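# Take this sequence and fold it.
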Amino acid sequence: MAAVALLVDAVTSPLHVTWKGFTLAAVSGALTSGLGYVLWYRALEGLGTNRAAIVQLTVPVIASAAAILFLGEPINGRLAMASIVILGGVAVALFNK
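Model (predicted):
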């Protein structure tokens with residue numbers, strides 16, 4: 001329910017956007033996205049197509065870890081179990097002969 005209230009508040013509240021804030025957000029997003037793609041394509045050089053597809057499945061776990069480290073998001077049982085299942089599946093797919 002709190003998420004719905006937050007969404008309603010965000011949609012109905014007047015926006016306050018400055019060009020400076022908009023520009024900084026756009027540059028920040030472009031820079032981090034660009035850096036992410038550079039790193040990913042660099043990593044692809046050492047991976048085959050199948051391995052790259054499998055490794056890419058770890059993105060939700062990496063994003064969750066970043067949220068925990070940088071945003072202080074709490075770790076709960078659901079997140080832990082989902083991460084274990086994802087990483088376990090990736091390990092099986094990578095190391096299964």
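# Contact partners for the most centrally placed residue in the chain?
Residue closest to the average C-alpha location in the chain (C-alpha atoms, centre = their mean): Ala63, at 3.2 Å. Ala63 sits next to no residue when contact means C-beta atoms under 8 Å, 6 or more residues apart in numbering. Backbone N, C-alpha and C define where each C-beta goes, glycine included.
# pLDDT score assigned to it?
pLDDT, Ala63: 92.
# same check, this time on Gly34
pLDDT, Gly34: 91.
# what's the offset of stretch 78-91 from the middle of its chain?
Remark: stretch 78-91 is offset 15 Å from the chain centroid, using C-alpha atoms, centre = their mean, to the nearest Å.
# what residue ranges in this protein score low on pLDDT?
Applying pLDDT under 70 to the chain flags residues 1-2, 97.
# The residue nearest to the centre of the chain and Val11: what is the separation?
Applying C-beta to C-beta, to the nearest Å, the value for Ala63 to Val11 is 25 Å.
# One more: Val38?
Using C-beta to C-beta, Val38 is found at 35 Å from Val11.
# ok, back up a step: just the C-alphas of the helix or strand containing the residue nearest to the centre of the chain, formatted as PDB.
Ala63 is part of helix 59-71, with elements assigned from DSSP states H and E. This file holds the C-alpha atoms of helix 59-71, laid out as PDB (Å, rounded to 0.1, in the frame of the first residue of the first chain):
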ATOM      1  CA  VAL A  59      22.500  -9.000 -13.600                       C
ATOM      2  CA  PRO A  60      19.600  -9.000 -11.100                       C
ATOM      3  CA  VAL A  61      21.900 -10.400  -8.400                       C
ATOM      4  CA  ILE A  62      24.500  -7.700  -9.200                       C
ATOM      5  CA  ALA A  63      21.900  -5.000  -9.200                       C
ATOM      6  CA  SER A  64      20.600  -6.200  -5.800                       C
ATOM      7  CA  ALA A  65      24.100  -6.300  -4.400                       C
ATOM      8  CA  ALA A  66      24.700  -2.700  -5.500                       C
ATOM      9  CA  ALA A  67      21.400  -1.600  -4.000                       C
ATOM     10  CA  ILE A  68      22.400  -3.300  -0.700                       C
ATOM     11  CA  LEU A  69      25.900  -1.700  -0.700                       C
ATOM     12  CA  PHE A  70      25.100   1.800  -2.000                       C
ATOM     13  CA  LEU A  71      21.500   2.400  -1.100                       C
END
